[in-house]
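predicted coordinates and the sequence they were generated for:
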Amino acid sequence: EGKGKKRNPLHDFKKTGELMLIRVNKTLEVKTKLLNTTEQCAKRCSRNKGLSFTCKAFAYDRVTKRCHWLSFNSLTNGVRKKQDHAFDLYEKKDYIRNCITGKGADYKGTISVTKSGIQCQAWNSMIPHEH
């Protein structure tokens, strides 16, 4: 990062054009607001600013310039994908990544078995191994 250059908040998101997520499970939370740019939506999602939930994705309506922050992503149970030409979907890479980077301390993906199919040990468990 160069001097005076701000990091683009969209770098933490994977964009899928013309796609919206629909909640089948209505307990999943959504919040919407008019915002001029996807960068503003991404910044607010990354900081969880003004949200009562952890933002895992957002959809931006290019027509109405409305941001839809989502407590879920395309991998969440109770969600279906819908083609929609007005929307672009941005999902936080941390929540859709199925690989571990570094020591894995920030891993939030969905894989919970080893390459050979053995169930992973829960972080809060000391069985079968101590940490």
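Arrived safely, thanks for sending.

need the CA coordinates for the helix ranked longest in the chain. PDB is fine.
When the chain is parsed with DSSP state H, its longest helix is helix 38-47. C-alpha atoms of helix 38-47 as PDB (Å, rounded to 0.1, in the frame of the first residue of the first chain):
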ATOM      1  CA  THR A  38     -20.500  -0.300  -3.900                       C
ATOM      2  CA  GLU A  39     -17.400   0.900  -2.100                       C
ATOM      3  CA  GLN A  40     -19.600   2.600   0.600                       C
ATOM      4  CA  CYS A  41     -21.600  -0.700   0.900                       C
ATOM      5  CA  ALA A  42     -18.400  -2.800   1.300                       C
ATOM      6  CA  LYS A  43     -16.900  -0.400   3.900                       C
ATOM      7  CA  ARG A  44     -20.100  -0.600   6.000                       C
ATOM      8  CA  CYS A  45     -20.300  -4.400   5.600                       C
ATOM      9  CA  SER A  46     -16.700  -4.900   6.600                       C
ATOM     10  CA  ARG A  47     -17.100  -2.700   9.700                       C
END
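
mind checking what helix or strand follows it in sequence?
strand 57-61 (DSSP states H and E).

give me the helices and strands touching that following strand, please.
Packed against strand 57-61 by the contact rule (3 or more CB pairs under 8 Å, 6 or more residues apart in numbering; DSSP states H and E) you find strand 13-23, helix 38-47, strand 66-70, strand 79-92. Where you see a C-beta, it was placed from the backbone N, CA and C, and this is true even at glycine.

and the helix-or-strand element of the chain with minimal mean pLDDT, C-alpha only, in PDB?
Ranked by mean pLDDT, DSSP states H and E, the weakest helix or strand in the chain is helix 93-96, scoring a mean of 87. Only the C-alpha atoms of helix 93-96 are listed here, as PDB (Å, rounded to 0.1, in the frame of the first residue of the first chain):
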ATOM      1  CA  LYS A  93     -14.100 -13.900   0.800                       C
ATOM      2  CA  ASP A  94     -13.400 -15.000   4.400                       C
ATOM      3  CA  TYR A  95     -16.900 -16.700   4.500                       C
ATOM      4  CA  ILE A  96     -16.800 -18.400   1.100                       C
END
